[in-house]
Each structure stands twice: as C-alpha cells, then as structure tokens.
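Enquirer: model this:
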Amino acid sequence: AAGFEGETKMEMYKQLPPDTYPKTLLIDHTFSDEKLLSLLTSSTIKFPIAVKPDAGMMGFMFRTLHSNEELLNYHHKMPCAYLIQEFINLPLEVSVFYYRFPDSSSGTITGFIKKEFLQVEGDGVSKLRQLIENYPRANFRQHEMLAKHHEKLHIILKAGEKYILSHALNLSRGGKLVSLEQEKDDKLLALFDKISLYTKHFYYGRYDIKCASTDLLKNGEQFSILEYNGCGAEPHHIYGNHFTLLQAWSIVLKHWKVLFKISIINHRKGYTYWPYQKGKNYLKDAKVHFKVLKKLDLETQV
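Expert: Model (predicted):
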C-alpha cells in the first residue's frame, strides 16, 4: 500500500542510501534480556539511544534512553518489534515533502518546514505542574503531559530553563511546525532527487530529517533521515504557512491527485492494485496495533 499505514520503518530504511539514516537495530520483543544487551554491546550504537516501534505512528512509544536499565524496562513493556537507533544529536529537525512521477528523473518539493519541541520555560517560581497547566500549546494534552511527568510535577525550573514535554516532534504530539518555504531551491531538490532515485521506487512522501543547518543539508552534509513516510504522509506545510482551511484542503487534494497519477502510471508498468478486502484487513490490523501503542504510550513513564 506504498506506506499508506502500518508499514515498517525498516522497510523504508532499506530503500535509502547507506549512511543517510541512523545506525539501527531491529529488535524482536521476544528476545531475552541477555540477547538484547549482547546485540547492543556488539553494535557501534552507544547511549543515549532512540527507541521506537518498527510499525508506529504519531510518536507513540518513541523514547530517548540513557542506560541498560531503561532499555530493559522499555523492552519488557513492548508488545511488538521495535528499533534501537543511535541518537542523532543535531540541532534542527525538518520535513521535506517530495514527489516525482515514475517516468521523470526529477521531482518537486512541495513543502519544507522545521519542527520545534513542545516545551515549557521556567520562571524560578512556578512548579512544573503550573507551567504545564498555564501553557496554551499544552491545553489539549494536559492529561497526557501530567500523567507522563507526574514524578517531576513538583520541581521548580530555574528562570529561563527549558523542559521538553515531548521528544516526539510530530504535530500530533505537540510539535510546532514553522515554514521554511523561502529556503526551497534547486540544491535542495537535487539532493532529494538523488536520494529518491537510489532504489527508483520512491515517488511520493515526506522525509523527516535532523540536520546541522539548512545550508549544510542542501550540500548533502551533516544530516540524517529519521523517517520516510509514504503515501499516507501528511503534507505538513499546510500547518506552517498560515493557510486558511480551504487553502489547506486544496493542497491536500492536489497531493492526492499527484498520488493518483503516480499509481496509474505504476499500474500500467505492471504493479498490481491490492484487492479491496486485503486492504481493508490490513488497515483494520494496523488500527488495532496503533490503539495498543497509544494506550501503552500514555501508561509508560520511561
């Protein structure tokens, strides 16, 4: 289904050029503690590490871990395969929405945005609970944030000290999206043409990337692709450019039209469509899986 929903992240990484994404281990949740720690020790991945479900969405169960104890705690809770990745310590996270028609050697970048954490800033007086309750961006996530950080709600942050409420920069997890429309240029397009042509099968989707700066990204330097989202990817730039609702709908519909055209071309090349029942069952299973992850994410403090 071309990454519509429920696809695994390892599927996507295997289609990207080597060294463009974080060093990654695929972990079966049934592995013994000894096997898990042995795999990590024999790899070149060191703490802190990033962990997330192999088939995930909306940042559910994404965590940054700092010790074997935290890793084992996470491992014991996970009901499915997950990834251990090197922590990419680069200051900027961006998203690039790209498409290319199968018969073309160059594509189009429709969206370029940067992401900012959901975080509060201390004043030297207020407790963390008060900062969360008084922060407008956390209004619709107060129950989740108070539950996740309940052990630290009593602490008082120093004036100017920042506290990250969610390390997942997804919009649905409280991340803020800021337009980089003015930064789109031929150098950026050339880079993503090269990446997308690596396996000749990436035609449509959103790259989520950490980088040192937009200029270095355009030069193909100091960046790492955290995830690639296929045909289910949302064009995030509808949120960061002050569009009206009608304008946002129009942009989404234009992207669906592009996706439709790409599908028609690929079908003519011999790629078969999924039968309706297969697609329905696949989406049903994915929905159940994500419901479990969502509940677990709320309950897990690690």
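
Enquirer: need the helices for this protein, in chain order.
Expert: Applying DSSP state H to the chain gives helices spanning 9-13, 33-42, 68-77, 128-133, 142-148, 186-196, 214-218, 245-268, 276-299.

Enquirer: Residue 52 is nearest to which of these?
Expert: Closest of the helices of the chain to residue 52 is helix 9-13, at 7.4 Å (criterion: CB to CB). For the C-beta atoms, the positions are set from N, CA and C on the backbone; glycine is no exception.

Enquirer: how far out from the middle of the chain is stretch 27-46?
Expert: Taking CA atoms, centre = their mean, to the nearest Å, one finds the center of stretch 27-46 at 23 Å from the center of the full chain.

Enquirer: nope, stretch 251-261 is what I meant
Expert: Averaging C-alpha positions (CA atoms, centre = their mean) puts stretch 251-261 22 Å from its chain's average.

Enquirer: And stretch 108-120, by the same measure?
Expert: Centre to centre, stretch against its chain (CA atoms, centre = their mean), the figure for stretch 108-120 is 11 Å.

Enquirer: Low-confidence ranges, the stretch 151-300 of the chain, go.
Expert: Within the stretch 151-300 of the chain, the segments meeting pLDDT under 70 span 167-174.

Enquirer: on that earlier part again, which one, of the helices of the chain, ends up nearest to residue 21?
Expert: Ranking the helices of the chain by their distance to residue 21 (criterion: CB to CB) puts helix 9-13 first, at 5.2 Å.

Enquirer: buried stuff in the closest one?
Expert: Going by neighbour count (16 or more other CB atoms under 10 Å), the buried part of helix 9-13 is 9, 12, 13.

Enquirer: Over to stretch 249-259?
Expert: By neighbour count, with 16+ other CB under 10 Å as the criterion, the buried positions of stretch 249-259 are 251, 255, 258, 259.

Enquirer: OK, contacts around the closest residue to residue 24 other than its chain neighbours?
Expert: Using CB to CB, 6 or more residues apart in numbering and skipping residues adjacent in sequence, the residue nearest residue 24 is residue 85, 4.9 Å away. With contacts defined as CB atoms under 8 Å, 6 or more residues apart in numbering, residue 85 is in contact with 22, 23, 24, 25, 45, 49, 50, 51, 52.

Enquirer: now those: which count as buried?
Expert: Neighbour-count burial within the contacts of residue 85 applies to 22, 24, 25, 45, 49, 50, 51, 52; the criterion is 16+ other CB under 10 Å.

Enquirer: Name whatever forms a beta bridge with the third one.
Expert: Looking back up the chat, that one is residue 25. Beta-bridge pairing for residue 25 (DSSP bridges): residue 84.
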